[in-house]
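In: This is a predicted model, with the sequence first.
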Amino acid sequence: MTPQGSELVAALDRLVEQHHLLKHPFYQAWSEGRLSAEALKLYAVQYYKHVEAFPQHLLQLMDRSEGEIHELAKENFREELDPAAPHPDLWRDFAHAVGVSDQEIDQAEPLEGIKTLISTYDEITRRRSIAAAVAAFYAYESQVPEIASAKIKGLKAHYGVDSWKGLGYFAVHQVADEKHREQWRGWLEAQSDIDADEVLSAAEAGLKALWGALDACNIDPPTCH
């Protein structure tokens with residue numbers, strides 16, 4: 001751990017806390033059982049676009065990097081597309097459990113907030129520095145274990161989803177992203193020559209795009225996106 005790396009991660013953690021997705025009205029309504037079935041279905045359809053694109057973002061970082069980051073991105077990528085349980089397929093199982101068909105998923109056009117989320121991570125992982133891409137992944141995956149836990153509790157308590165198939169995506173990410181956030185965090189803490197402003201800018205862009213994706217699905221009450 002370097003002084004600069006430690007300070008950078010502390011600043012990233014403050015950003016994450018500021019934009020934490022469990023503070024978003026959509027996830028709060030989910031946890032409290034106030035989310036309508038229509039909003040949950042819309043989310044299942046739309047957020048699949050992000051789940052489907054996420055391995056490609058990891059692949060872009062993997063192809064641009066070497067050494068430790070290359071290996072971390074490759075490991076994460078392989079987990080996402082594990083032939084035994086590809087994460088996009090696990091998401092489809094969740095969607096089926098809340099009443100969404102494969103046809104609805106495949107034919108849906110992404111809403112603007114979802115488009116922005118995908119394009120933001122695409123731009124960060126293709127064009128910005130390796131450290132900026134790592135920070136964006138850290139800012140996202142550092143939240144996921146707690147979000148996944150909250151989603152499982154809400155689905156069981158309020159939406160009648162209690163099967164492994166319906167909950168599997170979130171159960172996997174409860175565990176997997178604990179490891180990923182520690183790996184990204186460890187690499188960032190070890191850095192001593194890094195453009196902190198660029199890294200924080202990339203992380204904030206990713207966080208705001210994630211928030212905007214939930215805005216797009218938040219149709220209780222209807223909103224325009």
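Out: Structure's in. What do you need?
In: residues contacting residue 122?
Out: 53, 56, 57, 60 (CB atoms under 8 Å, 6 or more residues apart in numbering). Glycine gets a C-beta too; all of them are placed from N, C-alpha and C.
In: What strand or helix carries it?
Out: Here residue 122, judged by DSSP states H and E, is contained in helix 112-127.
In: cool, and residue 28?
Out: In the assignment (DSSP H and E), residue 28 maps to helix 25-32.
In: Between the two ends of stretch 16-31, how far is it?
Out: 20 Å (CA to CA, to the nearest Å).
In: buried set for it?
Out: Going by neighbour count (16 or more other CB atoms under 10 Å), the buried part of stretch 16-31 is 16, 19, 20, 21, 24, 26, 27, 29, 30, 31.
In: same deal with stretch 43-59?
Out: Quick answer for stretch 43-59 (16+ other CB under 10 Å): 43-55, 57-59.
In: Over to stretch 162-178?
Out: 166, 167, 168, 169, 170, 171, 172, 173, 174, 176, 177, 178.
In: Name the residue closest to the centre of the protein, please.
Out: Central residue of the chain (CA atoms, centre = their mean): residue 140, 5.1 Å from the mean position.
In: Next, the angle helix 112-127 makes with the host helix or strand of that residue.
Out: Residue 140 belongs to helix 130-141 when assigned by DSSP H and E. Relative orientation of helix 130-141 versus helix 112-127 (axes from the mean of the first three to the mean of the last three CA atoms, to 10 degrees): 150 degrees.
In: Please work out the angle formed by the directions of the very next helix or strand once past helix 130-141 and helix 130-141.
Out: Proceeding N to C from helix 130-141, the next assigned helix or strand is helix 144-158, under DSSP H and E. Interaxial angle, helix 144-158 versus helix 130-141 (the same axes, to 10 degrees): 20 degrees.
In: so what secondary structure elements neighbour helix 144-158?
Out: Contacts defined by 3 or more CB pairs under 8 Å, 6 or more residues apart in numbering; DSSP states H and E place helix 144-158 against helix 25-32, helix 164-189.
In: how far does that helix sit from the chain's center?
Out: 14 Å (CA atoms, centre = their mean, to the nearest Å).
In: Residue 161 and residue 190: what is the separation?
Out: According to CB to CB, to the nearest Å, residue 161 and residue 190 sit 40 Å apart.
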